[in-house]
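> here is a sequence together with a model predicted from it:
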Protein chains: 6
Amino acid sequence: MEYSARNQLKGKVTGVELGAVMANIKIEVEDPNTITAVITKESAERLGLAEGDDVVALIKSTEVIVGK
Amino acid sequence: MEYSARNQLKGKVTGVELGAVMANIKIEVEDPNTITAVITKESAERLGLAEGDDVVALIKSTEVIVGK
Amino acid sequence: MEYSARNQLKGKVTGVELGAVMANIKIEVEDPNTITAVITKESAERLGLAEGDDVVALIKSTEVIVGK
Amino acid sequence: MEYSARNQLKGKVTGVELGAVMANIKIEVEDPNTITAVITKESAERLGLAEGDDVVALIKSTEVIVGK
Amino acid sequence: MEYSARNQLKGKVTGVELGAVMANIKIEVEDPNTITAVITKESAERLGLAEGDDVVALIKSTEVIVGK
Amino acid sequence: MEYSARNQLKGKVTGVELGAVMANIKIEVEDPNTITAVITKESAERLGLAEGDDVVALIKSTEVIVGK
């Protein structure tokens, strides 16, 4: 299946921090850039996210703000 | 001023397409990755976005989906 | 690949309306519910969305507002 | 009052999980589909969300990703 | 019906600009602040938005970025 | 640096509540309006948000729902 979301950045998980409801995931997309994703704890557990995992950060284009 | 949004990717504008209300901005953040941002036409014009501009793509961490 | 976004509603495309930059996609997820998705025109064209297509509407849980 | 958000799915709350700041709400919109909504704990408490409540999941069309 | 979205700013419509798919709505929430909302053209037409209308801008708290 | 996000409301922090992963920030933008922002705890700490701080609430126009 292919998704309409244009922005798909490949990276590696470098940190997983679980809260009661949410989880903070660090994804190194390319040195020195790190993407922070906040997802539900249940999704983090369902995907079994752990350091070293190869993942994709998916971002819809309407969510991107441009600064100049 | 510093913003809470963690994800700030530096890049260069490689395309600006204006519609009646919205605008599609292409930002090459690092070869071969391109970020697509959809913003209002008025913001694209207010910032004077043009090919070659150095810009930042700002993305709130709650907007990022993780795929594995 | 599996995604963190929990909400994945299966449906059928019942309408595609293209603007200059954006596209309005109607997805019948289950009679009588219709989901409206606004995506970029380029994504609509890349996916070749047309009436009758079987698709999935993917929605991150942080984007859902609850009314009672 | 009527809202611009097009997507309004009626359902019943089947789960409420409170964290320190956020809350995870499960809404059965139609068997077998369940919508997960993450809202603030204070909103969950203000609405008094509990299992069995009839609710509406409200989703803006720009937040929907299409997969095909 | 009451919604989980905490941020509900009352204002008056001061501008409506229709594109093919999207619409840009200006809402003066309190002099000198103006909120810009981008919604689908069909929602703008369904609500019959016009200058002078009393409206509410509804914003989920997860969508707000803080700058300091 | 200037950002494409049109909606920038000035206010004062009136509450900071930290969870394990997320933080709930109250911003009084103008009596009697209060904006609630949910950001990551790490961003709240990085910005050193505390009651009395002068801040800006930044909201992309595609995130605003209009009620009439």
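Thanks, I have it.

> near chain E, which residues of chain A show up?
residue A:65 (Cβ under 8 Å from any Cβ of the partner chain). From N, CA and C alone the C-beta is placed, and that goes for glycine too.

> show me what residue of chain A gets nearest to chain E.
residue A:65 (7.9 Å; Cβ to the nearest Cβ).

> that residue and chain F, how far apart?
Residue A:65 is 5 Å from chain F, where distance means Cβ to the nearest Cβ, to the nearest Å.

> and for that residue, the neighbour number?
22 (other Cβ atoms under 10 Å in any protein chain shown).

> which residues of chain A lie near chain D?
Going by Cβ under 8 Å from any Cβ, the residues of chain A near chain D are A:1-5, A:19-22, A:40, A:42, A:58, A:60, A:62.

> residue A:56 and residue A:9 touch, don't they?
Yes. Counting by Cβ atoms under 8 Å, residue A:56 does reach residue A:9; the two are 6.8 Å apart.

> chain B contacts on chain A?
A:5-9, A:24-25, A:27, A:29-30, A:33, A:35-39, A:43, A:47-49, A:53-68.

> so which of those residues sit within strands?
A:7-9, A:24-25, A:27, A:29-30, A:33, A:35-39, A:54-59, A:65-67 (DSSP state E).

> quick one: buried ones out of the residues you listed?
Buried subset of these (neighbour count, 16 or more other Cβ atoms under 10 Å in any protein chain shown): A:7, A:9, A:24-25, A:27, A:29, A:33, A:35-39, A:55-59, A:65-67.

> report the buried residues of stretch A:18-28.
Here stretch A:18-28 shows A:19, A:20, A:21, A:22, A:23, A:24, A:25, A:26, A:27 as buried, counting by 16+ other Cβ under 10 Å.

> thinking the last one is in contact with residue A:37, fair?
To tie it back to what came earlier, the one meant is residue A:27. Yes. Between residue A:27 and residue A:37 there is a contact under Cβ under 8 Å: 6.3 Å.

> so what sits against both of those two?
Residues touching both residue A:27 and residue A:37 by Cβ atoms under 8 Å, 6 or more residues apart in numbering or on different chains: A:57, B:66.

> quick revisit: most widely separated two among the residues of chain A next to chain D?
The largest separation in the residues of chain A next to chain D, counting by Cβ to Cβ, is between A:2 and A:20 at 34.4 Å.

> grab the nearest non-local neighbour of residue A:54.
The shortest distance from residue A:54 to any non-neighbouring residue, by Cβ to Cβ, 6 or more residues apart in numbering or on different chains, is to residue A:12 (5.9 Å).

> mean confidence for the one helix or strand the one you found maps to?
Per DSSP states H and E, residue A:12 falls inside strand A:7-18. What strand A:7-18 shows for mean pLDDT is 94.

> what pLDDT does the nearest residue to residue A:7 once chain neighbours are set aside get?
Closest residue to residue A:7 apart from its sequence neighbours, by Cβ to Cβ, 6+ apart: residue A:59 at 4.1 Å. Note on residue A:59: pLDDT of 96.

> residue A:59 contacts residue B:61, doesn't it?
No. Using Cβ under 8 Å, residue A:59 makes no contact with residue B:61, being 10.4 Å away.

> show me what contacts residue A:38?
Applying Cβ under 8 Å, 6+ apart, the residues contacting residue A:38 are A:22, A:23, A:24, A:25, B:61, B:62, B:64, C:62, F:21, F:22, F:40.
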